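>>> output the structure for:
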Amino acid sequence: MDKKLTFVIPVYNVEAYLPQCLDSILSQATSCCELVLVDDGSPDRSGEICDCYRREYPDIKVIHKPNGGLASARNAGIAQAEGEYVAFVDSDDYIEPGTVSRLLHWIDDEPADVCFLELAKVDLDGSSEPMGERMIRSEIQHKPREQVLSFLAGRPKFPGSACGKLFRRAFLEKNELWFPDDRRLSEDLIFCLNAYLAAESFDYLDFPYYCYRQSRTGSITNTVTAKYYFDTSLFVTEVVQRFSENEKPLNTDAVCALSFAAYEFSILLWQSVLLQTEDRKRAGLFLKEYRWVLRYGQSGKTRMIHMAVFAFGIRGTARLLDLYMRRR
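Here you go, the predicted structure:
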């Protein structure tokens, strides 16, 4: 039977969480689904756990490779995928019960190049809250790409997580869409942007699907390190270089791309206060050089931050954002 859906699951140092991730999918998967587990050189028992599951479930593929980072692992999974659609699940996260059948039903009836899905942040105490992208299906389904991009640009946050999407595999192959294999963190951002700019059709499913585990010890997003900060800043610089000239967008698509960059810039503005002193100085140079990007922010939050920077400057606004985040 042809596979309809491939779950690509990068695996690294997650022996305590991997069984829950895999069980959440396998408990509801059908013969139309496959799982591609990419053991990215895990130093713990994660690779052994992958092999144990493969012996029990025929629709699991396991790739063992030297450590190359999350993007490298995802790319290896894409290359081995056979499903009509690809979904990415990080191995310390999990999906909600009953969602696979709904995804398969959608694939049969309402296919699109990119389908947005609902994500929720789950804390250690089990409480959860939506990621806050605030999608509206009537603004996405069967709409022209330019209209969808404009809608996305006005969302409260840039929908930059690959885990909250379904991607048509033929679409990824046709447009040669891969994650940036340079060991950067925040590799999802440029991948998702490139996908949005290339897609010809979109959709959105509003049922709870993905559970994004918060505050896991050892998670690469658990703390703001200098590497995480400056890898994320690459997204802003790459968007500026590709889509603007003399601080002006090159075309309509560029206006939306710069809006996405403005959102990420606003996050980096806040996170700058969390860096060590020397890294904070380097961040200050970046923020000063690219502060103009905020002019193109289309969400309410980025517009407010733009006004705050105008009134209080980079440092003053960063401190205000830090106070706000600490009181949330």
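
>>> show me where pLDDT drops low in the stretch 151-300 of the chain?
For the stretch 151-300 of the chain, the stretches with pLDDT under 70 are 215-223.

>>> contact partners for the closest residue to residue 260 other than its chain neighbours?
The shortest distance from residue 260 to any non-neighbouring residue, by Cβ to Cβ, 6 or more residues apart in numbering, is to residue 158 (4.5 Å). Where C-beta positions appear, they are placed from N, C-alpha and C, glycine not excepted. The contact partners of residue 158, by Cβ atoms under 8 Å, 6 or more residues apart in numbering, come to 152, 189, 260, 263, 264.

>>> and which of the residues you listed is nearest residue 328?
residue 263 (17.4 Å; Cβ to Cβ).

>>> circling back: and the residue nearest to residue 260, which of the three is it?
coil (DSSP: H, G, I helix; E, B strand; the rest coil).

>>> quick check: it vs residue 164, distance?
Note on residue 158: its distance to residue 164, by Cβ to Cβ, to the nearest Å, is 12 Å.

>>> which parts of the chain are strands?
Remark: strands assigned in the chain by DSSP state E are 5-11, 33-40, 60-65, 85-88, 94-95, 114-122, 128-130, 165-168, 202-213, 244-245, 248-249.

>>> so which of these is nearest residue 281?
strand 244-245 (25.6 Å).

>>> show the end-to-end separation of stretch 126-134, please.
Taking Cα to Cα, to the nearest Å as the measure, stretch 126-134 stretches 22 Å from start to finish.

>>> same thing with stretch 110-118?
Start-to-end span of stretch 110-118 (Cα to Cα) is 17 Å.

>>> quick check: buried residues in it?
By neighbour count on 16 or more other Cβ atoms under 10 Å, the buried set for stretch 110-118 is 112, 113, 114, 115, 116, 117, 118.

>>> report the two of those residues separated the most.
Within the buried residues of stretch 110-118, 113 and 118 form the most distant pair, 18.8 Å apart (Cβ to Cβ).

>>> drop anything exposed from the contacts of residue 158.
Among the contacts of residue 158, those classed as buried by 16+ other Cβ under 10 Å are 152, 189, 260, 263, 264.

>>> return the subset of those lying in helices.
Within the buried ones among the contacts of residue 158, residues falling in helices by DSSP state H are 152, 189, 260, 263, 264.

>>> nearest to residue 52 among those residues?
For these, the residue nearest residue 52 by Cβ to Cβ is residue 189; the value is 34.1 Å.

>>> if I look at the closest one, how far off is residue 35?
Counting by Cβ to Cβ - residue 189 and residue 35 are separated by 25 Å.

>>> and residue 71, by the same measure?
In terms of Cβ to Cβ, residue 71 sits 19 Å off from residue 35.

>>> buried sites along stretch 80-87?
For stretch 80-87, by 16+ other Cβ under 10 Å, it's 81, 83, 84, 85, 86, 87.

>>> I am finished for the moment; much appreciated.
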